[in-house]
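Asker: give me the fold of what follows.
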Amino acid sequence: MPDIMPMLDAMPAGNVIAPMSAAAIDKVRALERQAARLPQLPIETSHLFHAGMYARTVRIPAGVMITGVLIKTATILIISGDVVMYVEGKAKELHGYNVFAASAQRKQAFVALSDAAMTMLFPTEAKTVAAAEDEFTGEADLLLSRRDPGSNTVTVTGE
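Answerer: Numbers count the residues shown, from 1 in each chain. Sure, this is the predicted structure:
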């Protein structure tokens, strides 16, 4: 796979997140293992099913770091707030409102510099949160929404 970091760094925020290399994913896994030793905060997750789409929003308080599961489907990722995003071996600082075409095969880490919200969405035929989660990752058991179901809100419009 070609090195996309020079292209990504040159692009304005709100464009493309390419698949991550195995080495970059392993770095996030190592960070995740270290972070698991620290006190964990509940993270609110909102789920929305509408018009054949699933949107998943997590709200991250300022100063908190999170790691994501390995994403196996292409999604749109919207980040609102100030964050540092780890992508393919580099940290990228984002401010304000950013929309990304995010490829499959990524496992990212984020540090919220301000209170931030991140929404991932993709088309699906899933009718439940569990089915949607199983569709976008093979690591659903690692999701905070599964470990702390009380922090979830779910909206299904029926459209």
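Asker: and stretch 37-52, end to end?
Answerer: 38 Å (Cα to Cα, to the nearest Å).
Asker: so what pairs up with Thr137 in the strands?
Answerer: Listed by DSSP bridges, the beta-bridge partners for Thr137 are Ile71.
Asker: I'd guessed Asn15 sits against Ser103; true?
Answerer: No. Using Cβ atoms under 8 Å, Asn15 is not in contact with Ser103, being 11.8 Å away. For every residue, glycine as well, the C-beta is placed using N, CA and C.
Asker: of these two, give the one with the bigger neighbour count.
Answerer: Using other Cβ atoms under 10 Å as the criterion, Asn15 and Ser103 rank with Ser103 on top: 16 against 13.
Asker: next, the closest residue to the more buried one other than its chain neighbours: phi, psi?
Answerer: The shortest distance from Ser103 to any non-neighbouring residue, by Cβ to Cβ, 6 or more residues apart in numbering, is to Pro19 (4.7 Å). Here is the backbone geometry of Pro19 (degrees, to the nearest 10): phi -60, psi 150.
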